[in-house]
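*Asks:* Predicted model and sequence below, questions to follow.
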Amino acid sequence: MFTMSSCAADDPSLLALIDEMTTELTPVAARTLRATS
């Protein structure tokens, strides 16, 4: 997903934040894609 995995691997809280953001944004992105296509 992100190309900053090397620094994210050193920071578990950052990795968790990215994972949380991705989890929340995925349904929104899916709805947006369906709405625009």
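*Replies:* Alright, I've got the coordinates. Here the structure is a predicted model, which is why all the values come from computation and not from measurement. Numbers count the residues shown, from 1 in each chain.
*Asks:* buried sites along whichever strand or helix holds Glu24?
*Replies:* Using DSSP states H and E, the element containing Glu24 is helix 12-36. Neighbour counts over helix 12-36 (16 or more other Cβ atoms under 10 Å) mark 15, 18 as buried. Just so you know, the C-beta spots here come from the backbone N, C-alpha and C atoms, and that holds for glycine as well.
*Asks:* Distance from the chain centre to it, please.
*Replies:* 5 Å (Cα atoms, centre = their mean, to the nearest Å).
*Asks:* Counting by contacts, list what it packs against.
*Replies:* helix 5-8 (3 or more Cβ pairs under 8 Å, 6 or more residues apart in numbering; DSSP states H and E).
*Asks:* Quick one: mean pLDDT over the helix it packs on.
*Replies:* Throughout helix 5-8, pLDDT has a mean value of 52.
*Asks:* and what of stretch 26-35?
*Replies:* pLDDT averaged over stretch 26-35 gives 88.
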